[in-house]
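Chemist: Just need the structure, nothing else, for what follows:
(4 chains)
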Number of protein chains: 2
Amino acid sequence: MNPLLLTKTTVHAPIQSQTRADDAFDCLQMAIVKGDLAPGEKIGEVELCARFNLTRGPLREALGRLESRGLLVRRAHAGVKVVSVSSDELIELYHIREAMEGLAARQAAERMTDAEIADLHATLDSHEAMIKQAHGQAYYQGEGDYDFHHRIATGSRNAKLAQMLLGDLYYMVRMYRYRLSTSAGRPQKALGEHRRIAEAIAQRDGELAEFLMRRHINAARKNIEQKIRQGTLDI
Amino acid sequence: MNPLLLTKTTVHAPIQSQTRADDAFDCLQMAIVKGDLAPGEKIGEVELCARFNLTRGPLREALGRLESRGLLVRRAHAGVKVVSVSSDELIELYHIREAMEGLAARQAAERMTDAEIADLHATLDSHEAMIKQAHGQAYYQGEGDYDFHHRIATGSRNAKLAQMLLGDLYYMVRMYRYRLSTSAGRPQKALGEHRRIAEAIAQRDGELAEFLMRRHINAARKNIEQKIRQGTLDI
DNA sequence: GAGTCCTGGATTGTTGACAATATGAGGCAC
DNA sequence: GTGCCTCATATTGTCAACAATCCAGGACTC
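Modeler: Take a look at the predicted model:
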């Protein structure tokens, strides 16, 4: 359905289209994001090799890439462990998102094609249907949200911006979203905010789109801050 | 014999302080940034091994990291070449900087210690002296500028933000700055803008610091855009 | 003469073994 | 009993050889 996202979770394709280091990178990234490898967990290379059926050469290359992206930390001769982000750092990620996605929304309003905008609206329609079907359950917040932001990022036509958002930030945020219980009512509210952003983009109003996107992410951040204060979310 | 004491102190002293892959990563990154490896240049692994005196294992790990950071592009079995950024993409980098460094300036105003702010002012004093000494030559624009922005980024106390700015964006920008002739008069103007930003930070005025930083980078971007139009800068 | 297929060569991807180092258990002195 | 040093072990860093793949040049066909 959405080929851009999450095609790797299923059984590895028999055809080896890419290199083994790439496979290892994808698998590890997914394992970290989904929580199969817990934050702070120390992992050995040989263990990982057995787990993913590969040898240490490609594995080490993948580990290097993951370290460079900030999902792992390595100490020479002392092993590698999954990065553990404090609640403060999670908040900081949202501050960064606010700045970067605001820019993405503005540029998307200026540059998205009409067809892309139509797709954006269609995406929101399908999200609305899913929310109704699931009675406001977690699905939307878990993946659908990123579907929307994904389209904005690519629609900005700013390759580096999209790379930083899709390749760096989202993975770190999703790492915590996966264990984050959705607050009731938030999905509907978020959908409304998405709708308004999409409208601003459709009207080619970059300033408004930026403003609305910033406010949208600001609201999400405050939602998380509240949960942390309440103790609902501990990291 | 007391091998423990010896190994603890002497083995650490030689140049081999870190792992070879780290060395390769640093060397390659510097070579790309300084232009020793031209953008678009295709480079072979064995050639690089000979150049940096290492074997292909650590080298490949370093290449993976560099690719993940966007300084290289690799195709399976087809070699690796230095990324070549178009002038449009360079402009996009400045848009991203505007958003991210605006945030950094705001957070720095809220979080920098008084000692750090004093250091910031001292840095600007030394920059002013250098400009006078060099009659507005390129030095300031080439490195001193990044010195200032470096301090702001770290002063934000936002680890991920600093990592993205210092680890990703600056290297790509510097890659082109190195071959960018400084326009006369711009260093002094930039210094004045830096002074005002530092003052806003000293007064703990986050909003103003963000506004001034955004305008500062906006001006730098327009300066480059003008050069591109004039044909002074071709990429 | 132009396009296509094929083959040789070179380069990359991968593997398993070897060397260097940090961690943790155990013993010794105090 | 507590703290420090020592040593063994397991883990990581590195290396050189092997296998898989792409690219360039040439011959052949249309």
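Chemist: Quick check: residues of chain A near DNA strand D?
Modeler: Remark: the part of chain A in contact with DNA strand D comprises A:16, A:43-46, A:56-57, A:60, A:74, A:76-80, using CB under 7 Å from any atom of the strand. For glycine as for every other residue, the C-beta is placed from the backbone atoms N, C-alpha and C.
Chemist: Got the confidence number for A:G35?
Modeler: Per-residue confidence for A:G35 comes out at a pLDDT of 86.
Chemist: where does chain A have low pLDDT?
Modeler: Within chain A, the ranges that satisfy pLDDT under 70 run A:1-17, A:135-145, A:178-185, A:231-235.
Chemist: Please, where are all the helices along it?
Modeler: Under the criterion DSSP state H, chain A carries helices at the ranges A:20-34, A:45-52, A:56-68, A:87-111, A:114-134, A:138-139, A:145-155, A:159-162, A:170-177, A:186-202, A:206-230.
Chemist: will you turn the ones you listed into JSON lines that also has mean neighbour count?
Modeler: JSON lines is the format used below for the helices of chain A (neighbours: other CB atoms under 10 Å in any protein chain shown):
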{"stretch": "helix A:20-34", "mean neighbour count": "20"}
{"stretch": "helix A:45-52", "mean neighbour count": "14"}
{"stretch": "helix A:56-68", "mean neighbour count": "22"}
{"stretch": "helix A:87-111", "mean neighbour count": "22"}
{"stretch": "helix A:114-134", "mean neighbour count": "14"}
{"stretch": "helix A:138-139", "mean neighbour count": "16"}
{"stretch": "helix A:145-155", "mean neighbour count": "22"}
{"stretch": "helix A:159-162", "mean neighbour count": "18"}
{"stretch": "helix A:170-177", "mean neighbour count": "20"}
{"stretch": "helix A:186-202", "mean neighbour count": "19"}
{"stretch": "helix A:206-230", "mean neighbour count": "17"}
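Chemist: Next one: A:A122 from DNA strand D, what distance?
Modeler: The spacing between A:A122 and DNA strand D, counted by CB to the nearest atom of the strand, to the nearest Å, is 36 Å.
Chemist: go on, A:M112?
Modeler: A:M112 is 33 Å from DNA strand D, where distance means CB to the nearest atom of the strand.
Chemist: was I right about that residue contacting A:A198?
Modeler: No: using CB atoms under 8 Å, A:M112 makes no contact with A:A198, being 10.0 Å away.
Chemist: List the buried residues of stretch A:71-84.
Modeler: Of the residues in stretch A:71-84, those buried by neighbour count under the rule 16 or more other CB atoms under 10 Å in any protein chain shown are A:L71, A:L72, A:R74, A:V80, A:K81, A:V82, A:V83.
Chemist: C-alpha coordinates for that stretch, CSV please?
Modeler: Only the C-alpha atoms of stretch A:71-84 are listed here, as CSV (Å, rounded to 0.1, in the frame of the first residue of the first chain):
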residue,chain,number,x,y,z
LEU,A,71,21.3,5.0,17.0
LEU,A,72,24.3,3.2,18.5
VAL,A,73,27.3,4.2,20.6
ARG,A,74,30.6,2.3,20.3
ARG,A,75,33.6,2.2,22.5
ALA,A,76,36.8,0.7,21.1
HIS,A,77,37.2,-2.9,22.3
ALA,A,78,34.3,-2.5,24.6
GLY,A,79,31.3,-3.3,22.4
VAL,A,80,28.4,-1.5,21.0
LYS,A,81,25.1,-0.6,22.8
VAL,A,82,21.9,0.8,21.7
VAL,A,83,21.6,4.5,22.4
SER,A,84,19.3,5.4,25.2
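Chemist: contact partners of stretch A:61-69?
Modeler: With contacts defined as CB atoms under 8 Å, 6 or more residues apart in numbering or on different chains, stretch A:61-69 is touched by A:21-22, A:24-25, A:28-29, A:32, A:45, A:72-74, A:80, A:167-168, A:171, B:21, B:60-62, B:64-65, B:67-69.
Chemist: Would you mind listing the residues in contact with the residue nearest to the spatial centre of chain A?
Modeler: Relative to the mean C-alpha position of chain A, the nearest C-alpha, by CA atoms, centre = their mean, is the one of A:Y170, at 2.8 Å. Contacts were defined as CB under 8 Å, 6+ apart; by that measure A:Y170 touches A:Y146, A:H149, A:H150.
Chemist: Now do the same contact list for the second one.
Modeler: Right, A:H149. The contact partners of A:H149, by CB under 8 Å, 6+ apart, come to A:E101, A:L165, A:Y170.
Chemist: tell me, which of those residues make contact with DNA strand C?
Modeler: Near DNA strand C, judged by CB under 7 Å from any atom of the strand, there are no entries from the contacts of A:H149.
Chemist: since we're on the residue lying closest to A:E92 once chain neighbours are set aside, how many residues are nearby?
Modeler: Nearest in space to A:E92, with sequence neighbours left out and distances taken as CB to CB, 6 or more residues apart in numbering or on different chains, is B:N158 at 4.7 Å. The burial count assigned to B:N158 is 25, neighbours taken as other CB atoms under 10 Å in any protein chain shown.
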